[in-house]
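Colleague: fold the following for me, if possible:
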Amino acid sequence: MNVRSIADGLIEAPIVTSFTRLGFEARQRLANWSSLDDYDLTDRVIVITGATSGLGAAAAHQLAHCGATLVVVGRSAARNERAVADLVDATGNSAITQVPADMGDLAQILDLAERVLADHDRLDVLVHNAGSLDPERSVAADGTEATVASQVVGPFLLTNLLLDRLTESAPSRVITMSSGGMYASGLHVDDLELAADRYNGTEQYARAKRAQVTLNEMWAERYGDRGIAFHALHPGWADTPGVDAGLPTFAKVMGPFLRTPEQGADTLVWLAADDAALDSSGRFWLDRQPRPIHKLPTTNRTDTAEHRAELWEWVASRAGVQVSP
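Modeller: Here you go, the predicted model:
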């Protein structure tokens, strides 16, 4: 183990240093990271959901700056159009379009996939970034709890619909923005959706994020031989509108230590751009390094082969798709 690895381990152990801007800045200096501006993504087609604010907006800006052909996905066409105009003005990259879609609405996801397939003969990177922490319970059009619908079922369906195009474009990548909050939750299937009388937005968000990370590993296991690298990551604790809205007390207390949106999006962009991301699949990342998906024995005990199989079957059923067992 080299000095850099030892130092990274010392930063990783206490969550406060690891997840805040302190951890980001220390690791950046220790590893002498390459600048994201140095990557040339010309001719790469990238679809990114949740791209109009927060981490998604920061990632979209950097990807556009690097020359990517970018498809911005958000719920509002008007807001998407404003984001596209701002990106074009800021970067000079005119290869940016938008498709409106709510990632919790399966019909809209079908339309989104059709547009992407019709407009682009290749797809190099699919980024699942859309998601929020909702303090009040709501349901999607099909009755699925909204957090699970938009962050688990919807991304599963979109990945399945675009899988062949990703295969044709190999080497390609599917990147999922998860959260360190998933460390507090085990793998729940029977009660992945919290009932109204037990609903807690933070817990529901953590359960959905745990499912995301588990499914990322399962996609890699089942479809890694297609030349697609599947990766999930968490951004650390970043100062975004979503954190302000979903965790206002946390945002106020931790404000000086929160990462900027650009720092939170750094590893997402790096995974989309750097060839190092093609050397493995199914990993969970923070600050350009793979991390374990469990920190607690209580969550590790729930992560069984039986629960994983149940999760895959449940999500596939909700998404209405036939996938390999």
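
Colleague: how about the strands in the stretch 51-200 of the chain?
Modeller: Listed in chain order, the strands of the stretch 51-200 of the chain (DSSP state E, counting those that start in this stretch) span 69-74, 96-100, 125-128, 172-177.

Colleague: let me fix that: the stretch 201-325 of the chain
Modeller: Listed in chain order (using DSSP E, counting those that start in this stretch), the strands of the stretch 201-325 of the chain are 228-233, 283-286, 289-291.

Colleague: can I get the strands of the stretch 51-200 of the chain in TSV with mean pLDDT and distance to residue 261?
Modeller: Glycine gets a C-beta too; all of them are placed from N, C-alpha and C. As requested, the strands of the stretch 51-200 of the chain are exported to TSV (pLDDT from 0 to 100; distance: least, C-beta to C-beta, whole Å):
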stretch	mean pLDDT	distance to residue 261
strand 69-74	98	16
strand 96-100	98	18
strand 125-128	98	15
strand 172-177	98	12
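
Colleague: any chance of those in TSV, plus mean neighbour count and distance to residue 209?
Modeller: Output for the strands of the stretch 51-200 of the chain, formatted as TSV (neighbours: other C-beta atoms under 10 Å; distance: least, C-beta to C-beta, whole Å):
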stretch	mean neighbour count	distance to residue 209
strand 69-74	27	19
strand 96-100	20	25
strand 125-128	27	11
strand 172-177	26	9
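
Colleague: could those strands go into JSON lines alongside distance to residue 61?
Modeller: As requested, those are exported to JSON lines (distance: least, C-beta to C-beta, whole Å):
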{"stretch": "strand 69-74", "distance to residue 61": "10"}
{"stretch": "strand 96-100", "distance to residue 61": "10"}
{"stretch": "strand 125-128", "distance to residue 61": "13"}
{"stretch": "strand 172-177", "distance to residue 61": "15"}
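
Colleague: nearest to residue 322, out of these?
Modeller: Set against residue 322 and scored by C-beta to C-beta, these come closest in strand 172-177, at 19.2 Å.

Colleague: next, the angle strand 228-233 makes with that closest one.
Modeller: 20 degrees (axes from the mean of the first three to the mean of the last three C-alpha atoms, to 10 degrees).

Colleague: quick one: strands adjacent to strand 172-177?
Modeller: Strand 172-177 sits in its sheet next to strand 125-128 (parallel), strand 228-233 (parallel), going by DSSP bridges.

Colleague: turn those strands into TSV, columns for distance to residue 57.
Modeller: As requested, those are arranged in TSV below (distance: least, C-beta to C-beta, whole Å):
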stretch	distance to residue 57
strand 125-128	12
strand 228-233	17
